[in-house]
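S.K.: Could you work out the structure for the sequence below:
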Amino acid sequence: MDAPAHGSGSRTDRPERSRRALVAGSVGNFIEWYEFGVYGYFATVIAARFFTPEGGSEAEALVRTYASFALAFFFRPVGAALFGRLGDRVGRRPVLILVIVLMTAATTLIGVLPTYATAGALAPWLLTLLRVVQGLSAGGEFGGAVSVMTEFAPPGRRGLYGSWQSFTVALGLLGGAGAAALLATLLTGAQLNSWGWRVPFLLTLPMGLGALWLRLRLDETPSFQALQALQAPQSHRPLHADEAGEAGEADHADREDQRSERPPAREVAKAIALGAGRVMGWAAAGYTFLVVLPSYLQSSLNATFQQALVATVLANLGFAATIIPAGLLSDRIGRRPVMLTGALLVAVLAVPLLNLLQDGGTSTTLKGAAVSVAGAIVGLMAGPGPAMLSEMFPTSVRYTGLGLSYALSNAVFSGCAGLIITETIERTGSVDIPAYYAAATCAVSVLALLTLREARTGAGNEHVQRQKKRAEKQAEKGS
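M.R.: Okay, the predicted model is just below:
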């Protein structure tokens, strides 16, 4: 697919094109995580409105709400595979336009759904169906957005550009928390439970229309254009000078992968599994500290809705504060040391930080600092994470590969976080479960991250190194 006409500008236009790609890629992530944050923050309200028939307990309803939450995550890998395949074949731009339309439509419709009191057993099924659509579109969002950001990034700046994906996750979660906090302040409890919870979902419509406008103006990435040119039949016209210059925007490592053959399926599958392991701790700790925390504080520590939201805002502020610096630092010293630091800190500090929240004698200020620190540590993994995944795959399978790595990890370790934590606390009575969960998953990520091979500058493509190693083995067999 050709890039739009406005995409073939001069070299002086390229910084503007990169900035436009950064904004267009980021805005979809903001909407996606705004909605997922809203759903998490209003989990107790949604449980009461959709999953509490007569005779059902609040705990059972909350578990069902998180089950619906998890189901959407389990459809993310399906969306990542489906939309990723399309994105690697027809281009990043058209697929990103499609997924933002699906995400906006599904989220807006949740705001007008009938509740259990009106539609009976049909209500939770309709909600679950829309969650499935959200899961499919969210699965296609990450791979495309990160591909666009990192493929437009100047040489040596992928960590910084990719970190904006994670930064807009923080902004989306903060936006959701802000909307929930504002409604909780302005409305009575009865109004919030009756109709106020619908407002944040309906606000997605104008945001989605704005995101669609931005993506309609998006150019196709230089890396994908160069790959298409190399794969075109010899009878096709050669690149014009300006198009060749655009293709040359990709750094040396990208040009190497564009000249190479499509990697074997077995190698891609292995890289996907390894990538999922490397971001496992980010996924689990991020959702535990940033999304599940409000319901945990209310159900296990008897906090009020407002107190839980304040804690979540502080955690997300800490998260947002470290993401971009972590991405920028990874461009200088490498992805591995920055992400390893974050994973190790979670593994070591998760239980002590949670114990501070549980201690009734701990001051409010110290509790606020504890949740902020927890969020900041997760940001050390989230900042370099997108660039690290992008560098694991060549252009020909990047959308699919990095999207599946992220989606699989999130499906298991983020989508199930609320369900696992709530159910395990219910069965064991231990309020330390969230800390154990975050620490255990980060310990596994440490082992996976230790296998990461990269250039000393942190800007090298790991998949290029795998290609060279494979070529060397083939040469040895040939000799």
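S.K.: residues touching the residue nearest the centre of the chain, list them.
M.R.: Centroid-nearest residue in the chain, with C-alpha atoms, centre = their mean: Phe142, separated by 6.0 Å. The neighbours of Phe142, taking C-beta atoms under 8 Å, 6 or more residues apart in numbering as the test, are 29, 80, 165, 402-403, 406-407. The C-beta positions use only the backbone N, C-alpha and C, and glycine is treated the same way.
S.K.: Off-centre distance for stretch 434-447?
M.R.: Mean-position distance between stretch 434-447 and its chain equals 18 Å (C-alpha atoms, centre = their mean, to the nearest Å).
S.K.: Outside of that stretch itself, which residues are in contact with it?
M.R.: With C-beta under 8 Å, 6+ apart as the criterion, stretch 434-447 contacts 277-285, 288-289, 292-293, 296, 339-340, 342-344, 346-348, 350-351, 353-355, 381, 413, 417, 420-421.
S.K.: Now with 7 Å, please.
M.R.: Identification of contacts with stretch 434-447 by C-beta atoms under 7 Å, 6 or more residues apart in numbering yields 277-278, 280-281, 284-285, 288, 292, 296, 340, 343-344, 346-347, 350-351, 354, 413, 417, 420-421.
S.K.: Now, of those residues, which are buried?
M.R.: Buried members of these, counted by 16 or more other C-beta atoms under 10 Å: 277-278, 280-281, 284-285, 288, 292, 296, 340, 343-344, 346-347, 350, 354, 413, 417, 420-421.
S.K.: just so I have it, where are all the strands in the stretch 1-150 of the chain?
M.R.: Using DSSP state E, counting those that start in this stretch, no strands are found in the stretch 1-150 of the chain.
S.K.: shaky segments in it?
M.R.: 1-13, 52-66, 69-70 (pLDDT under 70).
S.K.: What ranges does it have for its helices?
M.R.: Assigned by DSSP state H, counting those that start in this stretch, the stretch 1-150 of the chain shows helices spanning 14-41, 43-50, 58-74, 76-90, 92-110, 116-119, 122-152.
S.K.: angle of the second one against helix 92-110?
M.R.: Think helix 43-50. 60 degrees (axes from the mean of the first three to the mean of the last three C-alpha atoms, to 10 degrees).
S.K.: Can I get helix 43-50 in PDB? Just the C-alpha atoms.
M.R.: The C-alpha atoms that make up helix 43-50 are tabulated as PDB, following Å, rounded to 0.1, in the frame of the first residue of the first chain:
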ATOM      1  CA  ALA A  43     -15.100  -2.500  39.100                       C
ATOM      2  CA  THR A  44     -17.200  -2.500  42.300                       C
ATOM      3  CA  VAL A  45     -19.900  -0.400  40.600                       C
ATOM      4  CA  ILE A  46     -20.000  -2.500  37.500                       C
ATOM      5  CA  ALA A  47     -20.100  -5.600  39.600                       C
ATOM      6  CA  ALA A  48     -23.300  -4.300  41.300                       C
ATOM      7  CA  ARG A  49     -24.900  -3.200  38.100                       C
ATOM      8  CA  PHE A  50     -24.200  -6.100  35.800                       C
END
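S.K.: So which elements touch it?
M.R.: Applying 3 or more C-beta pairs under 7 Å, 6 or more residues apart in numbering; DSSP states H and E, one finds that helix 43-50 contacts helix 58-74, helix 122-152, helix 189-194, helix 293-301.
S.K.: Next one: the residue nearest to the centre of the chain from Pro384, what distance?
M.R.: 15 Å (C-beta to C-beta, to the nearest Å).
S.K.: The closest residue to Gly139 other than its chain neighbours: how many residues sit nearby?
M.R.: In space, and not counting its chain neighbours, Gly139 is closest to Gly79: 2.5 Å by C-beta to C-beta, 6 or more residues apart in numbering. Gly79: 27 surrounding residues under other C-beta atoms under 10 Å.
S.K.: Would you check that Gly79 makes contact with Gly143?
M.R.: No - between Gly79 and Gly143 there is no contact under C-beta atoms under 7 Å: 9.2 Å.
S.K.: overlap in contacts of these two?
M.R.: Joint contacts of Gly79 and Gly143 (C-beta under 7 Å, 6+ apart) do not exist.
S.K.: Alpha carbons of stretch 275-285, as PDB, please.
M.R.: Below are the C-alpha coordinates for stretch 275-285, written out as PDB (Å, rounded to 0.1, in the frame of the first residue of the first chain):
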ATOM      1  CA  GLY A 275       9.600 -11.200  24.700                       C
ATOM      2  CA  ALA A 276       6.500 -12.200  26.700                       C
ATOM      3  CA  GLY A 277       8.800 -13.400  29.500                       C
ATOM      4  CA  ARG A 278      10.800 -10.200  29.500                       C
ATOM      5  CA  VAL A 279       7.700  -8.000  29.900                       C
ATOM      6  CA  MET A 280       5.800 -10.400  32.300                       C
ATOM      7  CA  GLY A 281       6.900  -8.400  35.400                       C
ATOM      8  CA  TRP A 282       6.000  -5.100  33.700                       C
ATOM      9  CA  ALA A 283       2.500  -6.400  32.900                       C
ATOM     10  CA  ALA A 284       1.800  -8.000  36.300                       C
ATOM     11  CA  ALA A 285       3.300  -5.400  38.500                       C
END
